[in-house]
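starting from these lines, generate the structure:
(2 chains)
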Protein chains: 2
Amino acid sequence: SQLHPRSFPNTTDSLKRRRRLNSNIPGIGFLKIHAPWNILCREAEFLKLKMPTKKVYEVNQGNNIVENIRLFIHKVTAPLHPKVDCSRPQSVKPLSHPFSREKQHLWRSLVLQWGSLVLQWGVRGPLSGGSLVLQWGVRGPFSPRVRLRSSAGCDAVCSHRKYFGEKVGLYFAWLGVYTQMLIPAAIVGVIVFLYGCATVDDDIPSMEICDPRNNITMCPMCDSACSYWRLSSACGTARASHLFDNPATVFFSIFMALWAVLFMEHWKRRQMRLNYIWDLTGYEEEECPRRLCVVSALLGRCYGHHDSPLCPPPLFQNEKVKLTCTDRMPAYLTTLVMMAFMITVTFAIVFGVILYRITIKSLLHFSSYPAARSNIRATVKTTAAIINLIAIIIMDEIYAAIARWLTRLEVPKTDKSFEDRLIFKTFILKFVNAFTPIVYLAFFRGRLVGRPGSYLYVVGSYRMEECAHAGCLMELCIQLCITMLGKQLIQNNLFEIGIPKLKKLLRRRKTDMDAEQEAELNKRLLRHEKDHQLGPFGGLAPEYMEMIIQFGMVTLFVASFPLAPLFALLNNIIEIRLDAKKFVMGLRRPIAVRAKDIGIWYNLLRGLSKVAVIVNAFVISFTSDFIPRLVYQYMYSPDGSMHGFVNHTLSVFNTSDFQTGTAPLDPEILGYKDYREPPGSSSSYEFTKEFWAILAARLAFVILFQNVVMLMSDFIDWLIPDIPKDISLQIHKEKILMVELFMKEEQSR
Amino acid sequence: SQLHPRSFPNTTDSLKRRRRLNSNIPGIGFLKIHAPWNILCREAEFLKLKMPTKKVYEVNQGNNIVENIRLFIHKVTAPLHPKVDCSRPQSVKPLSHPFSREKQHLWRSLVLQWGSLVLQWGVRGPLSGGSLVLQWGVRGPFSPRVRLRSSAGCDAVCSHRKYFGEKVGLYFAWLGVYTQMLIPAAIVGVIVFLYGCATVDDDIPSMEICDPRNNITMCPMCDSACSYWRLSSACGTARASHLFDNPATVFFSIFMALWAVLFMEHWKRRQMRLNYIWDLTGYEEEECPRRLCVVSALLGRCYGHHDSPLCPPPLFQNEKVKLTCTDRMPAYLTTLVMMAFMITVTFAIVFGVILYRITIKSLLHFSSYPAARSNIRATVKTTAAIINLIAIIIMDEIYAAIARWLTRLEVPKTDKSFEDRLIFKTFILKFVNAFTPIVYLAFFRGRLVGRPGSYLYVVGSYRMEECAHAGCLMELCIQLCITMLGKQLIQNNLFEIGIPKLKKLLRRRKTDMDAEQEAELNKRLLRHEKDHQLGPFGGLAPEYMEMIIQFGMVTLFVASFPLAPLFALLNNIIEIRLDAKKFVMGLRRPIAVRAKDIGIWYNLLRGLSKVAVIVNAFVISFTSDFIPRLVYQYMYSPDGSMHGFVNHTLSVFNTSDFQTGTAPLDPEILGYKDYREPPGSSSSYEFTKEFWAILAARLAFVILFQNVVMLMSDFIDWLIPDIPKDISLQIHKEKILMVELFMKEEQSR
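Next comes the predicted model:
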């Protein structure tokens, strides 16, 4: 109510009817602005808004086979779809053409289309000359607020687009495609897991470990506190490892790499199809100078002419501040330093958790309760993973705030560049945060331990932790499982539902009203006042980010955890409904923004799927036992079977070589998992020929895997056209029809 | 002259003045067609042809630093530029807008721009209902045939575009950018080569080989005919190898991988700049159905409306042939089989050359002339390389014909798809043809030889050839050198100049005229008749293909031949002039085609530069001695120097283990280059631990090199924006100006 109407420009053709609305909320005033017909026409012309003409044409229903597959998938996934009336895609589409005032007769019933577009925004007057709060609603043919409730997927995407604008519509379309694509991945993942379960009894190495006759005494897992242990006590872990570490995993990670490419291709095609349906073909996105034309962003575009009533005079117009390189340098330096510092913090936290694990393990070994001692391993693993999870969740929030602060320091020129920079920074920080513990587990744990007799010590006298006998894959799996489930359950769903509820509760506390009073007030409030009470729309970045990190979990370490796609799928089925509910019911209606694609997110997805190939190659060849088994079977096994593999992976150690005081000296010969020469020879404890041969095989596998998968991905990318064939045919048809239309019109003149 | 004028449609607004021209060439008639003003206007509107308006605006001259660098480069490379008056880019540019008949007052002097566009084509009447031959010329403001003579590069590109159309203009622009980018590559390549020359005397391994005290007797290089040889006799080859096989090569191949990325980025930016200058921003390419609208291609576009006088009724209009999958299957199968067969033929030829080398070498060993025996190696190498070269050149022509035949069998729907398929097939065949001998030399030769005592034999009793002691790099280098020089000199330049001359001579023979008569006839001929005598324009595909194969030579095996960029540069400086001369003087003027980019060629370039990374990684780690040297220096050398490396790479062999009859039995212990256990032990002649360690190091290097270079390439790709900053600013400015112009116009109404 503090804003004077005169602060809007009052040129001849400005917005005509401006009217103060009565407000039931103290301290807040509303201003209703009516945009007259001729202004809307002109703006539409500048925007090159494609409008449907009178001419309609038949739409080819795509290839028969593809269409049938689509229908089949639709039928199968029917229980997943929300219950909205999904009308079949229409077989007739009006021809669209950029609006032109000279040819108004071409368009049909413009009034019905957007004639009643009334801009209506609530302007909260700032006392200190701050920003305007825009809130927009459209009265007219579409007010489908209620119908849209928690609807997503299928044709509901088009309703989303009509109500929220193309950008939000694209998000829901993308989420729908992603969730749909997760279904086959989840199914194959479950099959791979079941294959592991089914073959666990046929696995010769774990049988050999479990065999009590194979009674090898192993080197202690920690100094002083731990004692020697029998190999057969690792039986359970070895059997559990086989569930995730079997040949099917290799197949599955190739499958997932190609799946990622297919997903990307599928999305590109879907995006093209949406562009066609939404008449965005030919639309070029323009860059918006930041804060200069907030208002004109209402119509999803910006231009620099200040005569336009929709564009208020820019805030910094007279200053014409142009920042030079020297001006920007401090901000860039701060960004670099802060980013490096934050990444270091993440590393420090992970290192802290490692130290926690080492110390707790030694302490528990000393403990006198036998129950504690027997469950040591499980306890330590689980608590460490939970601590990690909590640290990740807390740091995620901090990092988001820091990224926003850093980006604001940089003063990017356009809104798009602001968003891109913010997303890029947040992505790096959150990605490092989420994946550092996992990367440590997959590639570093158990590799930097030294060997019996010359262990590696960190921070004084902490011996680096070893993996269980059957490799670190099992622990990696537990960590992934806890991170994925925990992050998704706590961060995404609990936060997204809980925090708004909490805020509402707090606000109610503040105004000292009980539920009845509030309900009564709500009844009195008008639509726009009710909308104002909702939270502001904070952009799509957090929603996308959540999904991208999840995509990373699903693709990056899929070789170690084939159930990841299933977890992701279950989460997304909930997520898509929660998001829709939040956008429709919980937040103010966002300003509709035109967009042709999902922008930087696509690049991040592509980057992730590229990194996934190399990460999976390394997980298979270095973290899992796949390659040593193959090498043993084809190079060293006397009878071509896996019998004797366990013995082959063990080296022997003479306890007399222990540094005094670190271990008891009872049996003389101990086993440990490594490929080293036996004691006694001139090259004792050096790596054996087998070690180098297996290393070469592992590296060769990485090269082979990476290049084969990359080649296959590129081939798929090349094979599948970016524009669906029926769409490209229809675009071509549209052009021909348009030419015909104009020719006919010309001849009739 | 057999074609009746009535076969052109005669609707109300068809082409107005059609006039038979008198012809001085027997059997050929010319038809002059005038397109009236209103038709041109309408066509321009449909084409959304951007025309300069009256409004002009100032063009920012780009960033100061970049502009200065550009000027500096321009000055340095001045001697390479042809002597045409390169006017500086203008500082003022007229605002362009798609032409619209409603707003004719906006455009300036349309008559001067294209009002005088007169279509004039010679129609050669076919007796059997065949095709029309179109020949087009434009009278009016530009007829710069003479001025353009052999001009290329710099602003001449714009004249090329005006005269030939955008597609040919882009080719010359691309060739210019490529040649320009070759300059730094050639300079660095020469420096690397000179570094090799300078350090050849400090190279310890070759010093050790040349040292006569190191008198190791080596296993014979071939069966029976060859005898033992002294290691010191390989002195020359070892020293020569160092020229190409030194640490600088590793640096150079990383440099060239990044160079390729930079080249691509630079080209993308240049293309964007040209699009802006040529007013092609926003222009969308349309797909032309094949053979349906040859004539409308005159204006560089196609559409399906048959009322248009420029578009004759399609040839197959009434038949409406739609080929199904089953119809196309035989053609696709033929293509697959033929391609496989052709590739097999290439392999067979290469294998034939290998057999030639083996047999000739044994034969020459038996020869009694001592001169022949001493030059065996050089003779065999050179003749084999020349035979290879001749085979490549002959097969190239055959493959081009086969690819065209196969593509015609497939009956592609659009012109673009025809071209793309043809190019793709030709590329695969020519690529395999050019690179198979080189790939064999780099990766297979010397690797499939077995070991003394159990050599590998092919085709009965031919022992596979070994490399010289210092590795195959030297032979690879010779092969590359001969292929590059020979292919470029013979195929590109000799063929391009010689064949047209030969054709002219033949034609003259046929018509039984002597030079004087011909000159007299030429004087009588009119412009269009003279033009008709020239050869038809065969498309740009052969020109691009030549350059792409050269690009492959420059990037793929650059690790083995650092002088390749220099050779390419020298060739291109000639090539660019020859091409320009050919297009201007030797061929009919091509139909101008609008194009925004170079299409499939860009994808091929990108594919090649991706393959180059992995090929170079393998060349460095497997073909060169780089990795074994590093491993020796840091793992095995007693004093950290290279002393003793030669001994380390040799294994010993006991002559008593020879299969009887394959070699004399004079000294008992021989050396051979491999990492195998000495005779006598239980594992004699098996690979040693060193072999596996070096193999692991080689593979690790491949992974490291590939991923580091790929990461750096992606980083550069991300760092450099695709659209130059000044261009994006100016496009934005243009939009603002356009809006302002229209707003002003509206208010003045």
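
so what's the model's average confidence on stretch A:75-95?
The average pLDDT within stretch A:75-95 is 58.

now swap in stretch A:670-678 and tell me
Across stretch A:670-678, pLDDT averages out at 80.

pull the distance from it to the chain's centre.
Relative to its parent chain, stretch A:670-678 has a centroid offset of 43 Å by C-alpha atoms, centre = their mean, to the nearest Å.

now do stretch A:700-719
24 Å.

do that stretch and chain B meet at all?
Yes - for stretch A:700-719, a contact with chain B is found by C-beta under 8 Å from any C-beta of the partner chain, at A:700, A:702-703, A:706-707, A:714. For glycine as for every other residue, the C-beta is placed from the backbone atoms N, C-alpha and C.

quick check: phi and psi at A:Arg588.
phi -60, psi 150 (degrees, to the nearest 10).

pretty sure it sits against A:Gly535.
Yes - counting by C-beta atoms under 8 Å, A:Arg588 touches A:Gly535, with 7.0 Å between them.

in chain A, which helix or strand is least confident?
Lowest on mean pLDDT, DSSP states H and E among the helices and strands of chain A sits strand A:120-121, with a mean of 32.

need the helices for the stretch 151-300 of chain A, in chain order.
Along the stretch 151-300 of chain A, counting by DSSP state H, counting those that start in this stretch, helices occupy A:156-164, A:166-199, A:204-210, A:235-244, A:247-277.

tell me the SS of A:Ser682?
On the three-state scheme (DSSP: H, G, I helix; E, B strand; the rest coil), A:Ser682 is labelled coil.

what about it, distance to B:Trp692?
Remark: distance between A:Ser682 and B:Trp692 (C-beta to C-beta, to the nearest Å) = 19 Å.

cool, A:Pro247 as well?
Counting by C-beta to C-beta, the gap from A:Pro247 to B:Trp692 is 24 Å.

quick one: which of those two has more around it?
Neighbour count, other C-beta atoms under 10 Å in any protein chain shown: between A:Pro247 and B:Trp692, B:Trp692 has more, with 22 against 15.

the more buried one and A:Leu695 touch, don't they?
Yes - with contact defined as C-beta under 8 Å, B:Trp692 counts as touching A:Leu695 (7.5 Å).

now render the residues of stretch A:700-719 next to chain B as a markdown table, adding distance to A:Glu208.
Converted to a markdown table, the residues of stretch A:700-719 next to chain B look like this (distance: C-beta to C-beta, whole Å):
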| residue | distance to A:Glu208 |
| --- | --- |
| A:Ala700 | 27 |
| A:Val702 | 28 |
| A:Ile703 | 31 |
| A:Gln706 | 32 |
| A:Asn707 | 35 |
| A:Asp714 | 42 |
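
now render those residues as JSON lines, adding secondary structure.
Formatted as JSON lines, these follow (three-state DSSP):
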{"residue": "A:Ala700", "secondary structure": "helix"}
{"residue": "A:Val702", "secondary structure": "helix"}
{"residue": "A:Ile703", "secondary structure": "helix"}
{"residue": "A:Gln706", "secondary structure": "helix"}
{"residue": "A:Asn707", "secondary structure": "helix"}
{"residue": "A:Asp714", "secondary structure": "helix"}
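
let's test this: mean pLDDT of stretch A:611-623, rounded?
88.

mind listing what A:Leu556 touches?
By C-beta atoms under 8 Å, 6 or more residues apart in numbering or on different chains, A:Leu556 lies in contact with A:435, A:438, A:608, A:611-612, A:615-616.

and A:Pro330, what element?
Using DSSP states H and E, A:Pro330 falls within helix A:325-366.

ok so, going back, mean pLDDT and distance to A:Glu58 added to the helices of the stretch 151-300 of chain A, as CSV?
Shown next, in CSV, are the helices of the stretch 151-300 of chain A (pLDDT from 0 to 100; distance: least, C-beta to C-beta, whole Å):
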stretch, mean pLDDT, distance to A:Glu58
helix A:156-164, 62, 19
helix A:166-199, 89, 24
helix A:204-210, 82, 63
helix A:235-244, 82, 52
helix A:247-277, 87, 15
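
buried set for stretch A:674-681?
For stretch A:674-681, the neighbour count (16 or more other C-beta atoms under 10 Å in any protein chain shown) marks A:674-677, A:679 as buried.

hang on, I meant stretch A:243-250
By 16+ other C-beta under 10 Å, the buried positions in stretch A:243-250 come out as A:243-246, A:248-250.

in stretch A:627-645, what's buried?
Residues A:627-632, A:637, A:642-645 are the ones in stretch A:627-645 that count as buried (16+ other C-beta under 10 Å).

show me the contact partners of that stretch.
A:204-205, A:208, A:620-621, A:648-649, A:690, A:693-694, A:697-698, A:701.

what ranges do the strands span in the stretch 401-550 of chain A?
Using DSSP state E, counting those that start in this stretch, the strands assigned to the stretch 401-550 of chain A run over residues A:450-451, A:454-455, A:457-458, A:462-463.

point out the most buried one among these.
Per-stretch averages of neighbours, counted by mean count of other C-beta atoms under 10 Å in any protein chain shown, single out strand A:462-463 among the strands of the stretch 401-550 of chain A, with a mean of 18.

list the strands paired with that strand, with their directions.
According to DSSP bridges, strand A:462-463 has the following sheet partners: strand A:457-458 (antiparallel).

can you list contacts of the strand it pairs with?
Outside strand A:457-458, the residues that reach it (C-beta under 8 Å, 6+ apart) are A:463-464.

repeat the analysis, applying 6 Å as the threshold.
Residues from elsewhere that reach strand A:457-458 (C-beta atoms under 6 Å, 6 or more residues apart in numbering or on different chains): A:Arg463.
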